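>>> next one to model:
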Amino acid sequence: MPTLNLPIERFADASTAHLSPEDRTLLARYIETEGVDGLSCLAGPYGWLIYASSELRAAEHASPGLAAILAAARTQGCAYVLFDRDGLPIDGVQTYDF
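Modelled structure (predicted):
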């Protein structure tokens, strides 16, 4: 069997504590509407994997912290950001208690 040449994508890792209640609603709306509305993501029991698209439709509704993290991820060549409940907080970005 030949060796496959698969595309490789980078992802950033951040704490779910950086997601405001409004951000979490935006992510839930994407899942609930099956991608019709909200912010493109995959959800799991411990966090979200968010596409750091350069065409962020929902950026105007995202918190400044989420928007800054996604922008930094794109600048650093990451296609996705994993928001994990065990992820480390990022200095200078607001956190929220849940």
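
>>> how about the strands in the protein?
Under the criterion DSSP state E, the chain contains strands at 10-15, 41-44, 47-51, 78-84.

>>> for the longest one, what does the pLDDT average out to?
Model confidence over strand 78-84, given as mean pLDDT, is 96.

>>> direction included, what does that strand pair against?
As defined by DSSP bridges, the strand partners of strand 78-84 come to strand 10-15 (parallel), strand 47-51 (antiparallel).

>>> kindly reformat the strands of the chain as CSV containing distance to Ile90.
C-beta here means a position set from N, CA and C on the backbone, and glycine is covered the same way. Conversion of these to CSV gives the following (distance: least, CB to CB, whole Å):
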stretch, distance to Ile90
strand 10-15, 6
strand 41-44, 18
strand 47-51, 14
strand 78-84, 10
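
>>> would you turn these into JSON lines with mean neighbour count and distance to Gly65?
What follows is those, written out as JSON lines (neighbours: other CB atoms under 10 Å; distance: least, CB to CB, whole Å):
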{"stretch": "strand 10-15", "mean neighbour count": "17", "distance to Gly65": "9"}
{"stretch": "strand 41-44", "mean neighbour count": "15", "distance to Gly65": "16"}
{"stretch": "strand 47-51", "mean neighbour count": "21", "distance to Gly65": "13"}
{"stretch": "strand 78-84", "mean neighbour count": "20", "distance to Gly65": "11"}
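
>>> between the ones you listed, which gets nearest to Gly35?
Gly35 lies closest, by CB to CB, to one member of the strands of the chain: strand 41-44, at 9.5 Å.
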